[in-house]
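Asks: take a look and give me a structure for this.
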Amino acid sequence: MNNSTKAGLIIQVSVVAILAAILVFTGCEEDSPNSNDLDNYFSDHPFAVDSRTTSTNLNITPTTATVGAIGDVVLFTAKGGKGTYSWSVSTANGTVQVKATSQALYTATLLGPNSVIVTDKAGHRATANVAVSSSAVALRITPVNPIVAQSRIVAMSFC
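Replies: As a prediction, this is how the structure comes out:
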């Protein structure tokens with residue numbers, strides 16, 4: 001027998017030995033899990049969903065608000081949930097300023113829809129929608145009907 005034939009024979013014997021070892025060791029496992037064990041496990045460890053996007057315990061009021069001009073403000077209040085609150089908006093159409101632990105003031109900075117979001121310490125969120133009035137104006141001048149006397153200065157505000 002030449003060296004290449006011996007090497008080929010050694011490789012074949014090695015492959016057969018490895019396959020036999022795999023078959024022997026995999027045969028030691030249980031064929032199927034006992035379904036009673038699975039039932040017992042799940043009865044001892046019930047599955048529960050903890051949603052982080054909405055919570056029935058955390059509420060925001062009002063749930064919807066309408067703005068009619070840039071500069072309009074709406075006061076939102078949070079109740080329930082766990083711990084302290086953080087406030088945010090979903091777009092750059094407005095900002096929120098925290099007024100009290102459970103209250104925030106929304107100010108419209110652009111005319112467009114937005115959402116005010118309150119999040120509690122546990123990560124639960126409640127959302128209120130801010131819509132734009134169908135009669136919205138981009139610029140509001142106050143006072144609406146100024147009366148100007150001769151040689152008088154009138155202060156006007158543009159929002």
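
Asks: same question for stretch 76-92, mean pLDDT?
Replies: On average, the pLDDT along stretch 76-92 is 93.

Asks: run through who's touching it.
Replies: The list of residues contacting stretch 76-92 from outside it, by Cβ atoms under 8 Å, 6 or more residues apart in numbering, reads 55, 57-62, 65, 95-96, 98, 101-106, 109-110, 112-122, 124, 126, 128. Where you see a C-beta, it was placed from the backbone N, CA and C, and this is true even at glycine.

Asks: which of these are buried?
Replies: Using 16 or more other Cβ atoms under 10 Å as the burial test, the contacts of stretch 76-92 include 55, 58, 60, 65, 96, 102, 104-106, 114, 116-120, 124, 126, 128 as buried.

Asks: in strands only, show me those.
Replies: Among the buried ones among the contacts of stretch 76-92, the ones falling in strands (DSSP state E) are 58, 60, 65, 96, 104-106, 114, 116-120, 126, 128.

Asks: and of these, the nearest to S14?
Replies: Each of these was scored against S14 by Cβ to Cβ, and T119 proved nearest at 61.6 Å.

Asks: the closest one and T77, how far apart?
Replies: 15 Å (Cβ to Cβ, to the nearest Å).

Asks: one more: A122?
Replies: 19 Å.
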